[in-house]
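K.L.:
I would like to see how this sequence folds:
(one chain, ligands or ions: 1)
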Amino acid sequence: MRFKDRVVLITGAGRGIGKVTAQRFAQEGAKVAICDINEEFARTTCEEINKQGGQAVYQVGDITKTEDVQKIVTNIINAFGTIHILVNNAGVVKDLLLKKMTEEDWDLVVDTCLKGAFLCSKYVSPYMVSQNYGKIINISSRAHLGNPGQANYSSAKAGIIGLTRALAKELGRYSINVNAVAPGLTETEMLRAHPKYEMIKERAAKETPLPRIGYPEDVANAIMFFASDEASYITGDVLHVTGGRFG
Ligand SMILES: NC(=O)c1ccc[n+]([C@@H]2O[C@H](COP(=O)([O-])OP(=O)(O)OC[C@H]3O[C@@H](n4cnc5c(N)ncnc54)[C@H](O)[C@@H]3O)[C@@H](O)[C@H]2O)c1
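P.N.:
The predicted structure follows:
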């Protein structure tokens with residue numbers, strides 16, 4: 001029960017890495033606030049956690065919109081009193097070569113993966129400052145190293161690391177740790193929806209020193225480490241959960 005009575009807000013927790021992370025936090029005693037743009041995903045995750053004896057609430061909203069983020073944060077404060085841990089997890093991909101990538105493709109991915117983390121951090125951190133305690137964990141990706149067909153996603157995921165380091169320096173004086181987790185290929189709906197999923201999975205197993213694809217649980221373990229008091233003297237750092245694959 002490492003997180004007994006801690007309040008955790010996880011964006012994009014309706015499915016995938018966010019959902020598994022929400023379930024794991026609940027199993028370790030946290031009060032979990034699930035946020036997702038998809039009402040059905042958010043409600044289902046919340047109901048499953050509460051049925052299993054955990055404590056969860058959900059909020060539906062788009063993290064790229066200031067008014068949604070303000071509403072989400074206010075409602076969670078009303079439900080649970082404060083927020084101790086923020087996991088900026090929601091993300092999308094829209095892979096296209098540069099010549100085919102439109103401004104809309106760029107904005108969708110950069111706004112969701114980067115601006116959303118900025119807005120959530122902006123509106124949650126005042127509560128962390130006032131209690132002189134907080135953990136912000138941003139989800140980057142191995143793609144921050146640069147992938148063809150992912151100019152939007154690679155830029156956003158590199159940007160998340162810049163955001164992490166800037167906020168670590170700004171907020172450290174309030175005992176707020178800000179770190180990033182950079183997963184490699186992880187078996188979630190996002191990946192399974194890819195038209196070349198089987199091929200990607202096979203290649204990953206061949207090219208990864210630990211020869212398999214990652215699971216959401218692998219990423220959740222890293223997130224929970226950063227959220228725990230065991231990581232209290234670590235900030236501005238990036239933990240890669242890639243099975244050793246960097247290229
Ligand atoms: N799966 C991978 O291989 C992989 C690898 C590296 C990094 N990541 C990152 O991990 C995070 C989670 O990825 P996943 O694979 O679980 O994805 P996923 O698509 O399975 O889940 C993402 C969730 O975010 C929600 N979401 C999307 N846009 C939103 C918005 N504007 N506001 C609120 N919620 C929104 C979706 O509805 C969905 O429930 C993302 O940031 C992703 O970039 C994933």
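
K.L.:
which stretches of the protein form strands?
P.N.:
Listed in chain order, the strands of the chain (DSSP state E) span 7-11, 31-36, 55-60, 85-88, 134-139, 176-183, 238-241.

K.L.:
could the ones you listed go into a markdown table alongside distance to the ligand and mean pLDDT?
P.N.:
The C-beta positions use only the backbone N, C-alpha and C, and glycine is treated the same way. Compiled in a markdown table, the strands of the chain are given as follows (distance: least, C-beta to the nearest ligand atom, whole Å; pLDDT from 0 to 100):
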| stretch | distance to the ligand | mean pLDDT |
| --- | --- | --- |
| strand 7-11 | 6 | 98 |
| strand 31-36 | 5 | 98 |
| strand 55-60 | 8 | 98 |
| strand 85-88 | 8 | 99 |
| strand 134-139 | 4 | 98 |
| strand 176-183 | 4 | 98 |
| strand 238-241 | 8 | 98 |
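
K.L.:
Now mean neighbour count too, for those strands, in TSV please.
P.N.:
Shown next, in TSV, are these (neighbours: other C-beta atoms under 10 Å):
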stretch	mean neighbour count
strand 7-11	27
strand 31-36	28
strand 55-60	22
strand 85-88	29
strand 134-139	26
strand 176-183	25
strand 238-241	18
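
K.L.:
For residue 61, give its distance to the ligand.
P.N.:
6 Å (C-beta to the nearest ligand atom, to the nearest Å).

K.L.:
nope, residue 172 is what I was after
P.N.:
Taken as C-beta to the nearest ligand atom, the span from residue 172 to the ligand is 24 Å.

K.L.:
Report the contact partners of that residue.
P.N.:
Residue 172 sits next to residue 235 when contact means C-beta atoms under 8 Å, 6 or more residues apart in numbering.

K.L.:
Tell me how many other residues crowd residue 189.
P.N.:
The number of residues packed near residue 189 is 11, by other C-beta atoms under 10 Å.

K.L.:
what residue is smack in the middle of this protein?
P.N.:
With distances taken as C-alpha atoms, centre = their mean, the chain has residue 89 as the residue nearest its mean C-alpha position (1.6 Å).

K.L.:
In this structure it contacts residue 15, no?
P.N.:
No. Under the criterion of C-beta atoms under 8 Å, residue 89 is not in contact with residue 15, lying 10.7 Å apart.

K.L.:
From residue 9, how far off is residue 75?
P.N.:
Going from residue 75 to residue 9 by C-beta to C-beta, to the nearest Å gives 11 Å.

K.L.:
Same check on residue 38?
P.N.:
The gap separating residue 38 from residue 9 is 17 Å, by C-beta to C-beta.

K.L.:
for residue 243, same thing?
P.N.:
28 Å.

K.L.:
cool, residue 161 as well?
P.N.:
For residue 161, the distance to residue 9 - C-beta to C-beta - is 21 Å.
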